[in-house]
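K.L.:
Pasting the sequence and the predicted coordinates here, then a few questions.
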Amino acid sequence: MALRCKRCGSEERVKNGFMKGLQRYRCKACGLNFTDTPPRGMPLRIKLTAVLLHVSGLSMNRTAKPLGVSTPGVMTWIEQFAKAYARKPEPEGRAVVVEPDEMRHCLETSWARCGTV
């Protein structure tokens, strides 16, 4: 497999000096300077395994432990997967969608009782 540009995927490149002891290349198509370094982060199979384990019912902690990854990492992968593949259901009729966070416990009608007015 030939070395490809990390921005546009083109295989057309020229040598362009060295960077920290590694051969640097310049893409002929887009002009990006890049080196032949291995990809960073966890492999895709680990990320998919974590998402599938969580969707099957395991908690994020129990998903992270056997895979040897962090719980926040699992949470990030689940969020990225949901953003890319899951569709939010559209409200039907006159439904109102409310997404309160943990800081706002009171609705507008009860603010006086909560002491926020």
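P.N.:
That came in fine, so what should we check first?

K.L.:
Show me the contact partners of stretch 19-34.
P.N.:
Applying CB atoms under 8 Å, 6 or more residues apart in numbering, the contact partners of stretch 19-34 are 3, 5-8, 10, 12-18, 35-37. (C-beta placed from N, C-alpha, C; glycine too.)

K.L.:
tell me which residues of it are tucked away?
P.N.:
25, 27, 34 (16 or more other CB atoms under 10 Å).

K.L.:
May I have the secondary structure class of the spatially most central residue of the chain?
P.N.:
Centroid-nearest residue in the chain, with CA atoms, centre = their mean: Q80, separated by 3.9 Å. Under DSSP: H, G, I helix; E, B strand; the rest coil, the three-state class of Q80 is helix.

K.L.:
all strands in this protein, in order from the N-terminus.
P.N.:
13-19, 22-27, 33-35 (DSSP state E).

K.L.:
Make a markdown table out of these and add distance to L48 and mean pLDDT.
P.N.:
Converted to a markdown table, the strands of the chain look like this (distance: least, CB to CB, whole Å; pLDDT from 0 to 100):
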| stretch | distance to L48 | mean pLDDT |
| --- | --- | --- |
| strand 13-19 | 31 | 95 |
| strand 22-27 | 30 | 95 |
| strand 33-35 | 27 | 93 |
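
K.L.:
Throw the ones you listed into JSON lines and include distance to T76, thanks.
P.N.:
Shown next, in JSON lines, are those (distance: least, CB to CB, whole Å):
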{"stretch": "strand 13-19", "distance to T76": "29"}
{"stretch": "strand 22-27", "distance to T76": "29"}
{"stretch": "strand 33-35", "distance to T76": "25"}
